[in-house]
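Peer 1: Give me a model of this one.
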Amino acid sequence: MAHFLSAHQMHSQAQELIQLVVSRKGKDSASSVFASILDTRGTHAHQSTFVFNALMNAYIDCGFVPDAIQCFRLVRKHRIRIPFQSCARLLDILIKSNSPAGAWAFYSEIMDCGFPPNVFSFNILMHSFCKDGKIKEAQLIFDEIGIRGLKPSAVSFNTLINGYCKLGNLEEGFRLKRVMEEGNVFPDVFTYSVLINGLCKDNRLDDANQLFDEMCVRGLAPNDVIFTTLINGHCRNGRIGLAMEIYHQMLRKGVKPDLITYNTLINGLCKNGELSDARNLVDEMSTRGLKPDKITFTTLIDGFCKEGDLDSALEIRNEMVKEGIKLDNVAFTALISGMCREGQIIDAERTLREMLRVGMRPDDATFTMVIDGFCKKGDVKMGFKLLKEMQSGGHVPGVVTYNVLMNGLCKEGQMKNANMLLDAMLNLGVVPDDITYNILLEGHSKHGNPDDFDKLQSEKGLILDYASYTSLLSSSDKTTKDRYKR
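Peer 2: Numbering: from 1, shown residues only. Predicted coordinates for the structure are as follows:
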């Protein structure tokens, strides 16, 4: 019937009929439906292309992609003219389905049947493979472009160069650039951007600068991405002076820095201890119509805290709150760390509580910093209170946290409690380290029997396990008892 309708130019009716049959037969019905249509074509064989094209489209519309592929293979097997229109549609779906291997297999099949290849499809498939890190497959597709009688475009080269550079294979990236130039395909801004980024990640900053100069000599205008890439590379390597030079060059060329550019520079300046310049850059950024974001503020808070300028860090925090930007884990942790370093342990604890109140989960290191602060002030009791809060909040404190508490107890001369803490550690499966035992030995040396001081002091740094520690203490106790007996 479908052949009859098609032969009488009733194409829409034929399509509707085939659509109805496919929807009723459902998935995995391609073989039986194809056979039925093939058996009923009679004298209308010349209309087969339209009918089988309609059949493939019907399976595609129903989402039965494997059936559509099977229809194509059956058409090819019976030497019927290939319905390229539905093949192109099916290829497009396969390419978009995040299955580049399946798309490439189908593309190869239809090209072998005379489907006209195009560079655009090759480029998309290469990009899909590169995105998945499958550079060998991407290279095979690139090579196939030439085999199929086509010429790779700048996009073809760039896609493959980007794939190699992301995997750290800069040599292959530069080899492709040479092949590109030899084939009179000119590298564009994207080509240079990818290669400069690769060089910066590899800390080859002088090479990156040379490539940047080459690009400018060739009349290509660097964009904000390239400038920011270079700035980031120099900042990461502590070359903040060069990063600032590139920033000023960017401005001279009329390229507008974005928030990422400014945050990169501000981070570099903060890490270099140039907080005043970082603040000035924030002001400059604001005059250019860019508002500081969470990253900007957090970077400044962290920078000021590390420099010991807690007042400025708190000032930034207030600005952040005023702008309606919520502090994140990094900002809270930086403030707590700064307060602990400055001995402002009550403020540190208050900030920790605020962090918990807003639903954030401080990590073990943050809790330990505050516990250490209280222990150093002689308030070991508060340290243990925080330990319990850690545990009730789902944390499993490690040896560093216990060492901090152990140190606090030993400095207070609470050696009995220190030994009990050691037992608690072992019961919880927390393995003490050499620091744990040497803290305990230091405590016993200072707060134990004075006659044992020299012996215990000489063993410091040599005690690595529980057996050695208890053996040494037992020996010390025995010596003390023998003296009393005499």
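
Peer 1: Which stretches in the stretch 1-150 of the chain count as helices?
Peer 2: For the stretch 1-150 of the chain, the helices defined by DSSP state H, counting those that start in this stretch occupy 2-7, 11-25, 30-39, 48-61, 65-77, 84-96, 100-112, 119-131, 135-147.

Peer 1: tell me the mean pLDDT over the first one?
Peer 2: When pLDDT is averaged along helix 2-7, the result is 43.

Peer 1: next one: the last one
Peer 2: Throughout helix 135-147, pLDDT has a mean value of 96.

Peer 1: next helix or strand past that helix?
Peer 2: Following helix 135-147 in sequence order, the next helix or strand is helix 154-166 (DSSP states H and E).

Peer 1: just checking, next helix/strand downstream of that next one?
Peer 2: From helix 154-166, the next helix or strand downstream (DSSP H and E) is helix 170-182.

Peer 1: Alpha carbons of that next one, as CSV, please.
Peer 2: C-alpha atoms of helix 170-182 as CSV (Å, rounded to 0.1, in the frame of the first residue of the first chain):
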residue,chain,number,x,y,z
LEU,A,170,52.5,20.0,23.3
GLU,A,171,55.0,18.6,20.8
GLU,A,172,52.2,17.1,18.7
GLY,A,173,50.3,20.3,19.0
PHE,A,174,53.2,22.3,17.6
ARG,A,175,53.8,19.6,14.9
LEU,A,176,50.2,20.0,13.7
LYS,A,177,50.6,23.8,13.7
ARG,A,178,53.6,23.3,11.3
VAL,A,179,51.5,20.9,9.1
MET,A,180,48.7,23.5,9.1
GLU,A,181,51.0,26.3,7.9
GLU,A,182,52.6,24.0,5.3
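
Peer 1: starting at the chain centroid, how far to it?
Peer 2: Relative to its parent chain, helix 170-182 has a centroid offset of 28 Å by CA atoms, centre = their mean, to the nearest Å.

Peer 1: what does that helix contact?
Peer 2: 154, 157, 160-161, 164-165, 186-187, 191, 194-195, 198-199, 202, 204 (CB atoms under 8 Å, 6 or more residues apart in numbering). In short, each C-beta sits where N, CA and C put it, glycine included.

Peer 1: Go again with 6 Å.
Peer 2: Residues outside helix 170-182 that contact it (CB atoms under 6 Å, 6 or more residues apart in numbering): 157, 160, 161, 164, 165, 187, 195, 198.

Peer 1: The helices of the stretch 1-150 of the chain: which one's closest to residue 387?
Peer 2: helix 119-131 (46.5 Å; CB to CB).

Peer 1: Dump the helices of the stretch 1-150 of the chain into TSV; add distance to residue 357 and mean neighbour count as well.
Peer 2: What follows is the helices of the stretch 1-150 of the chain, written out as TSV (distance: least, CB to CB, whole Å; neighbours: other CB atoms under 10 Å):
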stretch	distance to residue 357	mean neighbour count
helix 2-7	70	21
helix 11-25	57	17
helix 30-39	61	16
helix 48-61	55	23
helix 65-77	52	19
helix 84-96	46	18
helix 100-112	48	18
helix 119-131	42	21
helix 135-147	49	17
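
Peer 1: of those helices, which approaches residue 282 most closely?
Peer 2: helix 119-131 (36.1 Å).

Peer 1: Just the mean pLDDT for the closest one, thanks.
Peer 2: On average, helix 119-131 scores 95.

Peer 1: go on, stretch 67-77?
Peer 2: For stretch 67-77, the mean confidence score works out to 88.

Peer 1: Export it to PDB, keeping only CA atoms.
Peer 2: What follows is stretch 67-77, C-alpha atoms only, in PDB (Å, rounded to 0.1, in the frame of the first residue of the first chain):
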ATOM      1  CA  ASP A  67      15.900  -0.100  14.000                       C
ATOM      2  CA  ALA A  68      16.700   2.900  11.800                       C
ATOM      3  CA  ILE A  69      20.300   1.700  11.500                       C
ATOM      4  CA  GLN A  70      19.100  -1.800  10.700                       C
ATOM      5  CA  CYS A  71      16.800  -0.500   8.000                       C
ATOM      6  CA  PHE A  72      19.800   1.200   6.300                       C
ATOM      7  CA  ARG A  73      21.800  -2.000   6.400                       C
ATOM      8  CA  LEU A  74      18.900  -4.000   4.900                       C
ATOM      9  CA  VAL A  75      18.600  -1.400   2.100                       C
ATOM     10  CA  ARG A  76      22.300  -1.700   1.400                       C
ATOM     11  CA  LYS A  77      22.100  -5.500   1.500                       C
END
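
Peer 1: which other residues reach that stretch?
Peer 2: With CB under 6 Å, 6+ apart, stretch 67-77 has contacts from 30, 34, 52, 55, 56, 59, 60, 90, 113.

Peer 1: mind listing what the most centrally placed residue in the chain touches?
Peer 2: Geometric centre of the chain, nearest residue: residue 166, 13.0 Å, by CA atoms, centre = their mean. By CB under 6 Å, 6+ apart, residue 166 lies in contact with nothing.

Peer 1: How far away from the center of its chain is stretch 103-114?
Peer 2: So, by CA atoms, centre = their mean, the centroid of stretch 103-114 is 35 Å from its chain's centroid.

Peer 1: Having no further points to raise, I will conclude here.
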